[in-house]
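Undergrad: Quick one, what's the 3D model for this:
(chains A and B)
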Number of protein chains: 2
Amino acid sequence: MASWTLPQPMHRALALAEDAARVGEVPVGAVIVRGGTIVAEAHNAPREQHDPTAHAEIQAIRLAARKLGEERLTDCELWVTLEPCAMCAGAIVHARIGKLYYAASDPKGGAVEHGARVFDQPQCLHKPEIYSGMGEAKAAQILREFFRQRR
Amino acid sequence: MASWTLPQPMHRALALAEDAARVGEVPVGAVIVRGGTIVAEAHNAPREQHDPTAHAEIQAIRLAARKLGEERLTDCELWVTLEPCAMCAGAIVHARIGKLYYAASDPKGGAVEHGARVFDQPQCLHKPEIYSGMGEAKAAQILREFFRQRR
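TA: Got it, this is the predicted structure:
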């Protein structure tokens, strides 16, 4: 599938993942959309920022919440290139993100359809609508290329 | 048990939880200790900061990592008044926190001994040493009092 057929937010998230790779960060990108407009975007940056919590999703959520002056992002969508980990899935719960779109699944670190399955816990306070797979080939290729070059 | 018998980091974490309650935040406090010294501390502050990720643990980890200039806090201890949620447990994994001490367990939101059980997943990359229960009566009392007053 050519990338121009992807929805614009995932196209942008993939470009952010490529930006991350260029600066030596594990290539994951995320954007937050509200009413059809991107309100925040980020790429993975724990090394650059000396911050183990600086995953793309966490940063995008923090930026969006600050920008909108709201602790909850109920009417927002999060588009991210990789299945969120437990930390990021938990943040999605706390932010009450309405819809989650992710490209590649992540059997090693993902916590949506793997491992901790955060949204499927009976105690989970909020489960977004979840759509996966759009852009997954490109997202996986960017990650593969990154790790191949560093081997 | 009188609070003076508690180890100093948990004593401080409980005081931070009380600070949180005074400003209308759910009362949870956290401190990070390295070599016997507190290097970062924070209380829960998502409302004040318009940041759904601003749990005590996340903020303390971010502060410690920035202060120490390191993405990983392997030789650090995290002391927190409540069982960490999935987001915070995930952050503890990413930060490679060596030891986790938490006071009260949290059947509703906790993800250490409840729900997502983040550290018990086969895919989990790092599990800290975990000690729970110290200060739990006081931590639970601070939380109960906070929610009672807001009912």
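Undergrad: Quick one: the strands in chain A, in order.
TA: Secondary structure of chain A (DSSP state E): strands at A:29-34, A:37-43, A:76-82, A:99-104, A:129-132.
Undergrad: will you turn those into JSON lines that also has distance to B:Asp75, mean pLDDT and mean neighbour count?
TA: For the C-beta atoms, the positions are set from N, CA and C on the backbone; glycine is no exception. Shown next, in JSON lines, are the strands of chain A (distance: least, C-beta to C-beta, whole Å; pLDDT from 0 to 100; neighbours: other C-beta atoms under 10 Å in any protein chain shown):
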{"stretch": "strand A:29-34", "distance to B:Asp75": "31", "mean pLDDT": "98", "mean neighbour count": "26"}
{"stretch": "strand A:37-43", "distance to B:Asp75": "29", "mean pLDDT": "98", "mean neighbour count": "20"}
{"stretch": "strand A:76-82", "distance to B:Asp75": "29", "mean pLDDT": "98", "mean neighbour count": "28"}
{"stretch": "strand A:99-104", "distance to B:Asp75": "34", "mean pLDDT": "98", "mean neighbour count": "24"}
{"stretch": "strand A:129-132", "distance to B:Asp75": "38", "mean pLDDT": "98", "mean neighbour count": "14"}
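Undergrad: between those strands, which one is nearest to chain B?
TA: strand A:76-82 (11.1 Å; C-beta to the nearest C-beta).
Undergrad: got the angle for the closest one vs strand A:37-43?
TA: Strand A:76-82 and strand A:37-43 are oriented at 30 degrees to each other (axes from the mean of the first three to the mean of the last three C-alpha atoms, to 10 degrees).
Undergrad: Can I get strand A:76-82 in CSV, CA atoms only?
TA: Extracted C-alpha coordinates of strand A:76-82, given in CSV (Å, rounded to 0.1, in the frame of the first residue of the first chain):
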residue,chain,number,x,y,z
CYS,A,76,-9.3,13.2,20.8
GLU,A,77,-7.8,10.4,18.7
LEU,A,78,-4.3,9.1,19.2
TRP,A,79,-2.5,7.9,16.2
VAL,A,80,0.8,6.0,16.8
THR,A,81,3.1,3.8,14.7
LEU,A,82,3.5,1.0,17.3
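Undergrad: how much space is there between the residue nearest the centre of chain A and A:Arg12?
TA: When C-alpha atoms, centre = their mean is applied to chain A, the residue found nearest the centroid is A:Val80 (2.9 Å). From A:Val80 across to A:Arg12, the span is 11 Å (C-beta to C-beta, to the nearest Å).
Undergrad: shared neighbours, those two?
TA: Jointly contacting A:Val80 and A:Arg12 under the rule C-beta atoms under 8 Å, 6 or more residues apart in numbering or on different chains are A:Gly29, A:Val31.
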